[in-house]
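# Need the 3D shape of this:
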Amino acid sequence: MLTDALRSELAEELAVAERDRVAIDPLVARYPDIDVVDAYEIQLRNIRGRVDGGARVIGHKVGLSSKAMQQMMGVDEPDYGHLLAEMEVFEDVSVESAKYLYPRVEVEVAFILGADLPGEDCTEEDVLAATVAYAPSLELIDTRIKNWKIALCDTIADNASSAGWVLGPERVAPGELDIKKIDATLTRNGEVVAEGRSDAVLGDPTIAVAWLARKVASFGVRLKKGDIVLPGSCTRAIDARPGDDFTAEFAGLGSVHLRFV
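Numbers count the residues shown, from 1 in each chain. Here you go, the predicted model:
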């Protein structure tokens, strides 16, 4: 494990990398002894710092929860990150690619919570009972590590490679749609670039949300009423380039759109 002083130093490195858009070398390569506890502590130090500066946490995300993403990133377990209000992007406002280092998009079914979730004892049944609606979503991910050369501790420390997200307008109650059987298609500039189904996320995205509730409880964090939860991508991540126009279509759940300039 790393010292507290080194954790703070690495948190500051990542914060500066995001602010200045200058990528840094992988943490794991420089500090082979870094572990998952170190990485989450680094993440939380940056989140606390942003909250102290006026940012607002409005949700959480699970990363690397599909086999496709785990294989792409070379890891074998999920991670999680925080969603801040200032990270939200919108369908009717083009995203400026220059604000990011290596932006990519992922296709996700978002959960909108209508009640607080339990912590360490949270079950899939608890998640369904607390979810007021599903929504179509694209997550915008990025890394502050050079060229996406990340291991698990790199992405955890880097807020699970979070950068933003957008929700489409549709809202569907859990009882109206089988969360395990939502087919999704992503097009970029009118061309299909990814296809998947919601059960690519741990067999059932609800499992990912329950895992998240239990995981964050060990760090003193809870999933609360009103939170947006992104359970993970049901397709591989797709690079976002200036001029790219993305649309994700979800069977029974509508669509969501995002354009980059």
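
# lowest confidence element among the helices and strands of this structure?
helix 67-73 (a mean of 67; mean pLDDT, DSSP states H and E).

# moving C-terminal of that helix, what's the next helix or strand?
Next along the chain after helix 67-73, taking DSSP states H and E as the criterion, comes strand 79-84.

# Listing partners with orientation, what would you give for whichever helix or strand comes after that following strand?
Next in sequence after strand 79-84, counting helices and strands by DSSP H and E, comes strand 104-113. Strand 104-113 pairs in its sheet with strand 131-141 (antiparallel), strand 228-230 (antiparallel), strand 238-239 (antiparallel), by DSSP bridges.

# Let me know which of those is tucked in deepest.
strand 228-230 (a mean of 26; mean count of other C-beta atoms under 10 Å). In this view, the C-beta of every residue, glycine as well, is placed from N, C-alpha and C.

# Could you give the average pLDDT over that strand?
What strand 228-230 shows for mean pLDDT is 98.

# what does stretch 236-245 give?
Across stretch 236-245, pLDDT averages out at 96.

# again with stretch 206-218
Mean pLDDT, stretch 206-218: 94.

# Centre of the chain to that stretch, how far?
Here stretch 206-218 shows a centroid-to-chain-centroid distance of 14 Å under the convention C-alpha atoms, centre = their mean, to the nearest Å.

# now swap in stretch 30-40 and tell me
20 Å.

# Which residues does it contact?
With contact meaning C-beta atoms under 8 Å, 6 or more residues apart in numbering, stretch 30-40 is reached by 1-2, 6-7, 10, 27-28, 152-154, 156-157, 219.

# Centroid-nearest residue for the protein?
For the chain, residue 61 is the residue whose C-alpha lies nearest the centre (C-alpha atoms, centre = their mean; 3.9 Å).

# my guess is that one contacts residue 81, does it?
Yes: if you go by C-beta atoms under 8 Å, residue 61 and residue 81 touch, sitting 5.1 Å apart.

# Quick check: ChimeraX command selecting the buried ones in the contacts of stretch 30-40.
Selecting only the buried entries of the contacts of stretch 30-40 in ChimeraX, with 16 or more other C-beta atoms under 10 Å as the criterion:
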select :2,7,10,27,28,152,153,154,156,157
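
# want to throw the contacts of stretch 30-40 into CSV with distance to residue 51 and secondary structure?
CSV is the format used below for these (distance: C-beta to C-beta, whole Å; DSSP: H, G, I helix; E, B strand; the rest coil):
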residue, distance to residue 51, secondary structure
1, 24, coil
2, 22, coil
6, 22, helix
7, 17, helix
10, 19, helix
27, 22, helix
28, 27, helix
152, 25, helix
153, 23, helix
154, 23, helix
156, 18, helix
157, 17, helix
219, 14, coil
